[in-house]
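**Q** I'll drop the sequence and a predicted model, then ask my questions.
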Amino acid sequence: MNAQLREKYGTRTRRVVLKVSGQSFCRAGERGISMDEVVHLAEQTSRAAGRGVQIAIVMGGGNILRGAQFTSGNAGIEEATAHYMGMLATVMNGLALQDALESLGCQTRLLTAIRMEAVAEPYIRRRARRHLEKGRIVLLAAGTGSPFVTTDTAAAQRALELEADVLLKATRVDGVYSDDPEKNAHAVLYSELTYHQVQQQNLRVMDPTAIAQCMEHDMPIVVFNYLKVGNIERAVQGERLGTLISSRERSAAFSEGSTS
């Protein structure tokens, strides 16, 4: 591999942003918070942090409430208000994950984009980076603090602000498929995709704004199955698993690095 490409696109990671959906906090097909599921996520994250990688986690809140589920037809509640309610749901998930991680001996900090100092620190980019540098797992809740913005976009934004090496998208399937693998047994699992391919094929792995932000700033995305024990640890170490979404140049460099 070209030395400059290796330096810029090498598979060894130092800092990652891990995006977990609200569904990571509950059993499949259920709602609310299941501490069994939270502990499973915490155990994997704890082992991954033990590898010396700085980890920031952006949580969804769909297990409790999705702001997008409310439309103008819901009398008595505005859509923007519903989005704020969804942001508060991510804080509840963050508190649950924080306690689970700390019960395993991890040092954590919960930062929120909406100020609520009684339960968490306000999100300040420099403060978040300092916590990471000190080896703390940083939990980032309340999205961006603005309505009509998904937590996928918040994860992309935080990955760029914190100068992460990669954005990791944890899912319940093995990566990005050509179709829903739970509905189509013939769906194809992609090992690599470019941002343009994701856009052109309308692959709904992350919302379009998140993909566009990552493409503009060349932030690689790895989509993988976090339910398989050890996969978070493997992902933060830069092992090839799931689907890599990147520029063509970065994709070629990752491919070469994984076989060297």
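**A** Received the coordinates, thanks.

**Q** how about the strands of the stretch 151-260 of the chain, start to end?
**A** If DSSP state E, counting those that start in this stretch is used as the criterion, the strands of the stretch 151-260 of the chain fall at 166-171, 176-177, 189-190, 192-194, 221-225, 243-246.

**Q** Would you tell me which of the ones you listed gets closest to residue 232?
**A** For the strands of the stretch 151-260 of the chain, proximity to residue 232 was assessed by CB to CB; strand 166-171 is nearest, at 7.0 Å. Every C-beta, even on glycine, is put in place using the N, C-alpha and C of the backbone.

**Q** Pairing partners for that closest one, with directions?
**A** Sheet partners assigned to strand 166-171 using DSSP bridges are listed as strand 15-20 (parallel), strand 221-225 (parallel).

**Q** Listing request: residues of the stretch 101-250 of the chain with sub-threshold pLDDT.
**A** Scanning the stretch 101-250 of the chain for pLDDT under 70 picks out 248-250.

**Q** So residue 91 versus residue 240, what's the distance?
**A** Using CB to CB, to the nearest Å, we find residue 91 at a distance of 34 Å from residue 240.

**Q** Between the two, which is the more surrounded one?
**A** More neighbours sit around residue 91 than around the other of residue 91 and residue 240, counting by other CB atoms under 10 Å; the figures are 23 against 17.

**Q** mind checking the SS state of the more buried one?
**A** Of the three states, residue 91 takes helix according to DSSP: H, G, I helix; E, B strand; the rest coil.

**Q** what about it, distance to residue 37?
**A** 18 Å.

**Q** on that earlier part again, which of the strands of the stretch 151-260 of the chain sits closest to residue 113?
**A** Between residue 113 and the strands of the stretch 151-260 of the chain, the tightest spacing by CB to CB is seen for strand 166-171, at 17.3 Å.

**Q** So what touches the closest one?
**A** Residues outside strand 166-171 that contact it (CB atoms under 8 Å, 6 or more residues apart in numbering): 13, 16-21, 24, 152, 155-156, 159, 205-206, 214, 219-226, 232, 235-236, 238.

**Q** Repeat that for stretch 119-137.
**A** 15, 45, 49, 54-57, 91, 94-95, 101, 106-113, 115, 138, 140-142, 145, 158, 161-163.

**Q** which of the residues you listed are buried?
**A** 15, 45, 49, 54-57, 91, 94-95, 101, 106, 108-113, 138, 140-142, 145, 158, 161-162 (16 or more other CB atoms under 10 Å).

**Q** Select from the residues you listed every entry located in helices.
**A** Among the buried ones among the contacts of stretch 119-137, the residues falling in helices (DSSP state H) are 45, 49, 91, 94, 95, 101, 158, 161.

**Q** Would you check that the fourth one makes contact with residue 110?
**A** By that I understand residue 94. Yes. Proximity of residue 94 to residue 110 meets the contact threshold set by CB atoms under 8 Å, at 4.9 Å.

**Q** shared neighbours, these two?
**A** Common neighbours of residue 94 and residue 110 (criterion: CB under 8 Å, 6+ apart): 120, 139, 141.
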